[in-house]
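A.B. asks: Provide a 3D model corresponding to the input given below.
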Amino acid sequence: MTENKDLFLRFLAQTSDSPLQLEIEKAEGVYLFGAKGKRYIDLISGISVSNVGHSHPRVVDAISQQAARYMHLMVYGEYIQYPQVRLASRMAEILPSNLSNSYFVNSGSEAVEGALKLAKRYTGRSQIVAFKNAYHGGTHGALSVMGNEEQKRAFRPLLPDIHNVEFNDFDEIQSITEKTACVIVEPVQAEAGVRVPKVGFLDALRKRCTEVGALLIFDEIQTGMGRTGEMFAFQKYKVVPDVLLLAKAFGGGMPLGAFISSKDIMSCLTKNPILGHITTFGGHPVSCAASLAAMDILQEEALVQQVQNKEVLFKEKLAKHPAVREFRSSGLIMALELGSFELVEKTIKSCLQQGVITDWFLFCNTAVRIAPPLVISEEEIDLACEAILSALDSL
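C.D. replies: This next block holds a predicted model:
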């Protein structure tokens, strides 16, 4: 274990000066198992990735079977590959008719990059409206529309003509004009600490984008695949975007993302120039096979339908604790607002010692993140909440 820690610090590029350094040997369901066999309840799902749990047998089997048939064959879009075709067809079956054309990529950031290019190409405009405290990824274009200056400052100059406005501020909607190519928004702001839309806000965005001819892009990279209690958050809030972005849980634990729109809008990437967007590994057949299996699990095991009741269980157990200033949630993405990073850090460390993994939010370090795999049982919720309450009691 000491040797692996040394290799980790020496040879893996680090993203902070204090990585968690939790060494994991196995993962199954809602549990991670450490190098000495210690069991942890995973309440963050690898940041909203493992919605169907870790190493689900049906996903593992799908991966194994597809890997035995073929893996990478050719850059995206040239060969007919059954897992890609079947997944694209499946998405068209479950999404509205204006979201019938999928472009598969490798990650959420890539989905954002593709969507921004698509909007500029389709509208012929350059301005992008995004929201303060929004998180859209770490690549150059995604960073440009991120709503946090501290994350962006060291990497400027970034994309020009980005206009950041306040989420849930109806007055700011008028800043969307005939110069706007697109509005990119998380239906629920995740890294801001689970900020849900005010009643009518997403509707007003939809109406304004339609009025001025701008594309409305929903970043559902964290909220998609059942996390909020519907397969997609736009269904929960009853507003349909022009472009839908998916990743994280979309791959069932494998790297996969997508930007999805209408055939008419997506076709603009095929000409002037041809190959308007290119990826080598996007829509990898093994990842697509895993995604199809995860989709089956979500639907056949009725996991999405269970989300609301499980959300209520967490809220009933945690929201009334005197240390919790506010309990914010949309399905099984939840925030325990404690008021300071010091209290959050103490809570996270105490939970970890008790075998429960929690986290904070990138743009809200005063709240504890709870976003477990959707397969978590009532008994496992009880166990996890006991540890959290014990941690809160010790503050």
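
A.B. asks: next SSE after the host helix or strand of V59?
C.D. replies: Applying DSSP states H and E as the criterion places V59 in helix 57-69. Proceeding N to C from helix 57-69, the next assigned helix or strand is helix 82-94, under DSSP H and E.

A.B. asks: now do the buried residues in the helix or strand hosting E3.
C.D. replies: Using DSSP H and E, E3 falls within helix 2-11. Residues of helix 2-11 classed as buried: none (neighbour count, 16 or more other CB atoms under 10 Å). Any C-beta I mention is one placed from the backbone N, CA and C, and that applies to glycine too.

A.B. asks: same check, this time on stretch 277-287
C.D. replies: Of the residues in stretch 277-287, H277, T279, F281, G282, G283, H284, P285, V286, S287 count as buried by neighbour count, 16+ other CB under 10 Å.

A.B. asks: from the residues you listed, which is closest to E25?
C.D. replies: V286 (22.7 Å; CB to CB).

A.B. asks: report the angle between the helix holding V59 and helix 82-94.
C.D. replies: For helix 57-69 against helix 82-94, the angle by axes from the mean of the first three to the mean of the last three CA atoms, to 10 degrees is 140 degrees.

A.B. asks: helix 57-69 packs against which elements?
C.D. replies: helix 285-300 (3 or more CB pairs under 8 Å, 6 or more residues apart in numbering; DSSP states H and E).

A.B. asks: residues in contact with the next helix or strand after the helix it packs on?
C.D. replies: Where DSSP H and E defines the elements, the next helix or strand beyond helix 285-300 is helix 303-318. Residues outside helix 303-318 that contact it (CB atoms under 8 Å, 6 or more residues apart in numbering): 51-52, 226-231, 297-298, 324, 327, 329, 331-332, 334, 336, 370, 374-376, 378, 381-382, 385, 388-389, 392.

A.B. asks: again, only using 6 Å
C.D. replies: Under the contact criterion CB atoms under 6 Å, 6 or more residues apart in numbering, helix 303-318 has outside partners G226, G229, M231, L298, F327, S329, G331, L332, M334, L374, I381, C385.

A.B. asks: same deal with stretch 265-275?
C.D. replies: With CB under 6 Å, 6+ apart as the test, stretch 265-275 has contacts from N101, R121, Y122, G276, H277.

A.B. asks: and the first one, what does it touch?
C.D. replies: Put plainly, it is N101. Counted by CB under 6 Å, 6+ apart, N101 has contacts S261, K263, M266.

A.B. asks: the last one and A115: what is the separation?
C.D. replies: Looking back up the chat, that one is M266. If you measure M266 against A115 using CB to CB, to the nearest Å, the figure is 10 Å.

A.B. asks: so between the two, which is more surrounded?
C.D. replies: For the pair M266 and A115, the greater number of neighbours falls to A115 (32 against 21), based on other CB atoms under 10 Å.

A.B. asks: returning to what we had before: can you spell out which helices and strands pack onto the helix holding E3?
C.D. replies: Using 3 or more CB pairs under 6 Å, 6 or more residues apart in numbering; DSSP states H and E as the contact test, no helix or strand touches helix 2-11.

A.B. asks: alpha carbons of the helix or strand of the chain with the lowest mean pLDDT, in PDB - could you do that?
C.D. replies: The helix or strand of the chain with the poorest confidence is helix 2-11; it has a mean of 83 (mean pLDDT, DSSP states H and E). C-alpha atoms of helix 2-11 as PDB (Å, rounded to 0.1, in the frame of the first residue of the first chain):
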ATOM      1  CA  THR A   2       2.800   2.400   0.900                       C
ATOM      2  CA  GLU A   3       4.500   1.600  -2.400                       C
ATOM      3  CA  ASN A   4       1.300   2.300  -4.400                       C
ATOM      4  CA  LYS A   5       0.900   5.600  -2.600                       C
ATOM      5  CA  ASP A   6       4.400   6.600  -3.400                       C
ATOM      6  CA  LEU A   7       3.900   5.700  -7.100                       C
ATOM      7  CA  PHE A   8       0.600   7.600  -7.100                       C
ATOM      8  CA  LEU A   9       2.200  10.800  -5.900                       C
ATOM      9  CA  ARG A  10       5.300  10.500  -8.000                       C
ATOM     10  CA  PHE A  11       3.900   9.500 -11.400                       C
END
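
A.B. asks: quick one: strands adjacent to the next helix or strand after it?
C.D. replies: Using DSSP H and E, the helix or strand that follows helix 2-11 towards the C-terminus is strand 24-28. Note on strand 24-28: by DSSP bridges, its sheet partners are strand 31-34 (antiparallel).

A.B. asks: out of the contacts of stretch 265-275, which comes closest to H56?
C.D. replies: Lowest distance from H56 to the contacts of stretch 265-275 (CB to CB) belongs to N101, with 28.4 Å.
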